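1. Any chance you could fold what I've pasted below:
(one chain, ligands or ions: 1)
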Amino acid sequence: MPGYELFGAEERKEVNDVLETGILMRYGFDAPRKGIWKARELEQEICKYFGTKNAQLVSSGTAALTTALAALGIGFGDEVIIPTFTFVASFEAVVSVGAIPVLVDVDDSLTLNPDAVAAAITSKTKAIMPVHMCGSMAQLDELKELCTQHDLYLIEDACQAIGGTYKGQQLGTIGDMGTFSFDFVKIMTCGEGGVILTNDAQLAEKCDQYSDHGHDHYGKDRGADLHPYLGYNFRISELHAAVGLAQIKKLDAFLALQKRNHQIIFNCLKHIPGIQFRRIPDEAGDTGSFLSFFLPTANQAAQVASALAEAGIGGNPYWFDNNWHYIRKWDHLKNAAFLNRIPAEQKEAIMQQANKTFDVSDAIMSRCISSAISLAWTEEQAQERGQKMAEIISQFIA
Ligand SMILES: *Cc1c(COP(=O)(O)O)cnc(C)c1O
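-> Sure thing, here's the model as predicted:
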């Protein structure tokens with residue numbers, strides 16, 4: 001799954017280019033940087049690779065989501081639909097702009113159930129934010145249709161699905177805006193970083209300015225820049241961008257390895273009676289970063305997850321018990337445990353949303369195990385791992 005597994009000479013070379021000049025900042029210092037513009041170059045590479053008109057690098061995937069929401073003008077009183085199965089960053093970004101995360105059930109694709117989304121739309125809804133979890137895509141045609149019908153924005157959280165496609169189009173480029181995370185465990189990494197993708201030039205300009213204190217970036221002199229509105233500092237550094245520049249050049253290789261190892265594990269597990277695999281809306285577009293499957297019962301899934309860990313086969317998260325990726329353990333959200341004071345109205349709405357029951361999601365997530373796919377396995381190692389997994393899983397299904 002993660003690009004850090006193949007960190008090497010290419011990354012060191014790009015980082016060294018920056019160390020040679022000592023200009024670690026992405027803006028300004030035109031003379032001493034001697035033509036080294038890693039962030040700018042990475043943005044150009046991202047536009048080329050993913051087929052988007054604009055890419056704005058920022059300091060994290062969370063910053064990318066926050067910036068996208070702000071650029072779309074989403075804020076106090078607005079509702080944003082997100083799935084019950086995601087990373088906490090989804091609701092962190094929504095609450096940070098003052099909006100309400102509306103949690104909606106997932107289905108056997110492990111992504112937003114379009115019917116449940118339709119039922120959750122109100123007059124306050126401004127956007128649907130599907131998350132392409134664990135390397136594979138949400139049901140984008142259905143969600144796009146809902147956005148058109150109800151005049152909503154589609155913001156794709158493609159942080160876990162870099163390089164995945166849907167009907168031939170890159171994930172992250174299909175909605176009004178899309179985001180990737182380049183944190184250390186993502187399909188490609190900058191160490192820390194993220195990016196916002198959009199084909200809309202006006203939204204792109206807002207992202208460019210918002211992520212740098214509102215600097216309008218029209219002149220050569222940063223000090224003389226105007227500030228059309230308030231922004232934040234979500235800048236990426238040149239050192240981080242340099243790592244990403246090396247990684248994007250290896251992304252095709254990462255994806256090929258990942259898909260190969262994914263297929264090997266799948267072949268080992270596919271004949272086990274009773275095992276059911278995650279539904280993938282467009283199989284050809286799966287990144288292969290995880291192989292997700294369902295056991296017949298929740299009990300069996302919990303037992304298999306522990307048995308795999310006990311057998312020393314790591315990297316098989318049982319999300320139902322996970323503190324960070326599933327609603328069940330998000331007590332901080334359920335209690336609206338903010339450090340800072342927030343408006344009573346927002347707090348009440350957040351708690352109301354987070355404390356709903358999610359029986360449909362529970363029934364799915366309690367039977368699900370995702371097996372992380374490593375880039376570092378040889379074919380033999382993947383085969384051996386897959387066989388061991390099959391033996392263990394079979395014992396519990398019998
Ligand atoms: C990693 C991740 C993020 C946040 O990215 P950071 O760069 O860690 O802030 C957002 N959404 C999902 C689904 C993620 O997996």
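2. Direction included, what does the helix or strand containing Thr179 pair against?
-> Thr179 belongs to strand 177-181 when assigned by DSSP states H and E. Each strand that pairs with strand 177-181, with its direction, by DSSP bridges: strand 153-157 (parallel), strand 194-198 (antiparallel).
3. which other residues reach whatever helix or strand comes next after the last one?
-> The C-terminal neighbour of strand 194-198 among helices and strands, as given by DSSP H and E, is helix 201-210. The set of residues that contact helix 201-210 without belonging to it, under Cβ atoms under 8 Å, 6 or more residues apart in numbering, is 53-54, 56, 58, 67-68, 70-72, 176-177, 196, 198, 215-217, 228-229, 231-232, 234. Quick note: C-beta positions are derived from backbone N, CA and C, even for glycine.
4. can you rerun that using 6 Å?
-> 54, 56, 67, 70-71, 196, 198, 216, 231 (Cβ atoms under 6 Å, 6 or more residues apart in numbering).
5. Show me what counts as buried in it.
-> By neighbour count on 16 or more other Cβ atoms under 10 Å, the buried set for helix 201-210 is 203-210.
6. quick one: it to chain centroid distance?
-> When distances are taken as Cα atoms, centre = their mean, to the nearest Å, helix 201-210 is centred 21 Å away from the chain's centroid.
7. Flag every residue of the stretch 51-200 of the chain that's near the ligand.
-> 60-62, 86-87, 89-90, 131, 157, 159-160, 181, 183, 194 (Cβ under 6 Å from any ligand atom).
8. hey, where'd the strands end up in the chain?
-> Listed in chain order, the strands of the chain (DSSP state E) span 54-58, 79-83, 100-104, 125-128, 153-157, 165-166, 169-170, 177-181, 194-198, 276-277, 290-294, 368-372.
9. could you redo these as a markdown table and give each row distance to Glu283, mean pLDDT and mean neighbour count?
-> Converted to a markdown table, the strands of the chain look like this (distance: least, Cβ to Cβ, whole Å; pLDDT from 0 to 100; neighbours: other Cβ atoms under 10 Å):
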| stretch | distance to Glu283 | mean pLDDT | mean neighbour count |
| --- | --- | --- | --- |
| strand 54-58 | 27 | 98 | 27 |
| strand 79-83 | 21 | 98 | 26 |
| strand 100-104 | 24 | 98 | 25 |
| strand 125-128 | 23 | 98 | 24 |
| strand 153-157 | 19 | 98 | 27 |
| strand 165-166 | 11 | 98 | 22 |
| strand 169-170 | 15 | 98 | 18 |
| strand 177-181 | 21 | 98 | 30 |
| strand 194-198 | 23 | 98 | 29 |
| strand 276-277 | 10 | 98 | 13 |
| strand 290-294 | 13 | 98 | 24 |
| strand 368-372 | 17 | 97 | 22 |
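10. picking up where we left off before, narrow the residues of the stretch 51-200 of the chain next to the ligand to those in helices?
-> Residues of those located in helices (DSSP state H): 61-62, 89-90.
11. Most neighbours of all those residues, which one?
-> Gly61 (27 neighbours; other Cβ atoms under 10 Å).
12. who's in contact with that one?
-> With Cβ under 6 Å, 6+ apart, Gly61 has these contacts: 159, 179, 181, 194.
13. so how far is Ala246 from the residue nearest to it when sequence neighbours are not counted?
-> Closest residue to Gly61 apart from its sequence neighbours, by Cβ to Cβ, 6 or more residues apart in numbering: Ser181 at 2.5 Å. Computed as Cβ to Cβ, to the nearest Å, the Ser181 to Ala246 distance reads 17 Å.
14. One more: Ala93?
-> Applying Cβ to Cβ to Ala93 and Ala246 gives a distance of 28 Å.
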